[in-house]
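Engineer: just a sequence and a predicted model for now, questions to come.
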Amino acid sequence: MKFLSKRIIEGEKVAIASTCNRFGEMVKADPSLKEEYVGLSRRVTDFFSGVLTDLPIVLTDNVTDYVYGPEAKRSGATWSLKDLPVVTPPFTSVFLETACPRDSIDQDIRAWGALFTRSEKTEVNSHSEIPHDELKWVVEMALLWDDKGIIKTHPVVYTFFLDGQGQFLSDPCEGLLYEITMLACDELAEVIGGDPQWERRQKSTVDMALPFFFSFAFMHCKNVSLVPPKISRQVRRQAERSGKPQLDYRILNIEPMKSVLKKEGNLDEVGLKTALHICRGHFKDYRDGAGLFGQHKGIYWWEGQLRGSLKQGKIDKDYRVNPPQEA
């Protein structure tokens, strides 16, 4: 399956999905609204096809599988946006995309992606509940997905608010603070707010955004690298002959603490007395205090716990954010 980004720059259109039943009924019943709907789809398609050639594109398949895949389900592990230490995108603009892992989220959704833009500003809606004194970063997200082979998006842009530490701002009840900007005309936008069906779809959108913010958290870790994928000479030549724009793909390669443990923790000298059972990892924040091993400042991705026994043998699992290459 082709990446969403490649399909869009090759001319595939982005359809505007109905936010709720009433939204769809109004569009079908009113020719002028239908014209507005079709025009919005065209503008959104032109926008994405125009910006994708100038952005880094990060492939996050294994992060999504880590969060939502079969092993995550079997382990019963759950994640929340509040589990992440720093989610500020390291790029001013970036596009993240992923294939849907097996048996997760929605079987009709084959893949999804999102354009993120980051800005540092303090001007927000005067009617917003955002605490201005804590606000540092504003992150906008435009999400799209493959629904049974059709690329779709909702006519909205999500805005998230981060503090100076790069964490999400929440209300006193610990609810995530975000705002929605409607791209549809006022008549269509009015039917969206408060609709129960739309409220459920917002929840689904946040669920799909979780692996992407998880990926941003990885990008801030000292022991995680972001590298371009290996492209064969034949593929490069084919792309050059086609004359189509080349996209700037990146892959997150996670080498969870191995080099640090080996170099600074004297792993080879100390050894492991028990079988190595790599469990679900977590973030460790060493920005304050003495630092990791008394000298390393920053956030690290820690590969879980050491447990088990020699009788149980050695169990090796290595999580790498390294999606398969496109066929």
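Structural biologist: Yep, that arrived.
Engineer: number of nearby residues for residue 100?
Structural biologist: 22 (other CB atoms under 10 Å). Just so you know, the C-beta spots here come from the backbone N, C-alpha and C atoms, and that holds for glycine as well.
Engineer: list the contacts of it.
Structural biologist: 64, 106, 109, 110, 111, 112 (CB atoms under 8 Å, 6 or more residues apart in numbering).
Engineer: so the first one touches residue 99, yeah?
Structural biologist: Which is residue 64. Yes. Counting by CB atoms under 8 Å, residue 64 touches residue 99, with 7.4 Å between them.
Engineer: so how far is residue 57 from residue 81?
Structural biologist: 22 Å (CB to CB, to the nearest Å).
Engineer: which one's more surrounded, those two?
Structural biologist: The residue with more neighbours, out of residue 81 and residue 57, is residue 57; 20 against 17, by other CB under 10 Å.
Engineer: so what touches the helix or strand that the more buried one is a member of?
Structural biologist: Assigned by DSSP states H and E, residue 57 falls within strand 56-59. Residues from elsewhere that reach strand 56-59, judged by CB under 8 Å, 6+ apart: 3, 5, 91, 94-98, 215, 226, 229, 247-252, 323.
Engineer: same thing with stretch 180-194?
Structural biologist: 16, 19-20, 22-23, 26-27, 33, 36-37, 40, 44, 155-159, 198, 202.
Engineer: now swap in stretch 200-215 and tell me
Structural biologist: Contacts for stretch 200-215 (CB under 8 Å, 6+ apart): 19-20, 58, 60, 63-64, 66-68, 79, 81, 84, 87, 96, 98, 105-106, 109, 112, 114, 116, 141, 143, 145, 154, 158, 176, 180, 252, 321.
Engineer: show me which of those are buried.
Structural biologist: Using 16 or more other CB atoms under 10 Å as the burial test, these include 19-20, 58, 60, 63-64, 66-68, 79, 81, 84, 87, 96, 98, 105, 109, 112, 114, 116, 141, 143, 145, 154, 158, 180, 252, 321 as buried.
Engineer: what comes up buried for whichever helix in the chain runs longest?
Structural biologist: Secondary structure of the chain per DSSP state H: the longest helix is helix 196-219. Judged by neighbour count using 16+ other CB under 10 Å, the buried positions of helix 196-219 are 198, 201-202, 205-206, 208-219.
Engineer: stretch 42-62 now?
Structural biologist: For stretch 42-62, using 16+ other CB under 10 Å, the buried residues are 44-45, 48-49, 51-52, 55-62.
Engineer: same check, this time on stretch 21-28
Structural biologist: Buried-residue list, stretch 21-28, by 16+ other CB under 10 Å: 23, 26, 27.
Engineer: mind putting those residues into JSON lines with secondary structure and distance to residue 184?
Structural biologist: Converted to JSON lines, these look like this (DSSP: H, G, I helix; E, B strand; the rest coil; distance: CB to CB, whole Å):
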{"residue": "23", "secondary structure": "helix", "distance to residue 184": "8"}
{"residue": "26", "secondary structure": "helix", "distance to residue 184": "10"}
{"residue": "27", "secondary structure": "helix", "distance to residue 184": "9"}
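Engineer: now, among these, which is nearest to residue 171?
Structural biologist: Proximity of the buried residues of stretch 21-28 to residue 171 (CB to CB) peaks at residue 23, which lies at 27.4 Å.
Engineer: relative to residue 2, how far out is the closest residue to the closest one other than its chain neighbours?
Structural biologist: Using CB to CB, 6 or more residues apart in numbering and skipping the chain neighbours, the partner closest in space to residue 23 is residue 191 (5.4 Å). To residue 2, residue 191 is 34 Å away according to CB to CB.
Engineer: with residue 152 instead?
Structural biologist: From residue 152 to residue 2 the distance is 16 Å (CB to CB).
Engineer: out of the two, which sits in the more crowded spot?
Structural biologist: residue 152 (18 against 13).
Engineer: can you list the strands that the helix or strand containing that one pairs with?
Structural biologist: Assigned by DSSP H and E, residue 152 falls within strand 150-153. If you go by DSSP bridges, strand 150-153 pairs up with strand 15-16 (parallel), strand 137-147 (antiparallel).
Engineer: closest one to residue 287 among the ones you listed?
Structural biologist: strand 137-147 (16.8 Å).
Engineer: buried stuff in that closest one?
Structural biologist: The neighbour-count criterion (16+ other CB under 10 Å) identifies 137, 138, 139, 140, 141, 142, 143, 144, 145, 146, 147 as the buried residues of strand 137-147.
Engineer: output these as CSV; include the columns pLDDT and distance to residue 163.
Structural biologist: Shown next, in CSV, are the buried residues of strand 137-147 (pLDDT from 0 to 100; distance: CB to CB, whole Å):
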residue, pLDDT, distance to residue 163
137, 91, 8
138, 91, 11
139, 93, 12
140, 93, 17
141, 95, 18
142, 95, 23
143, 95, 23
144, 95, 28
145, 95, 29
146, 94, 34
147, 91, 35
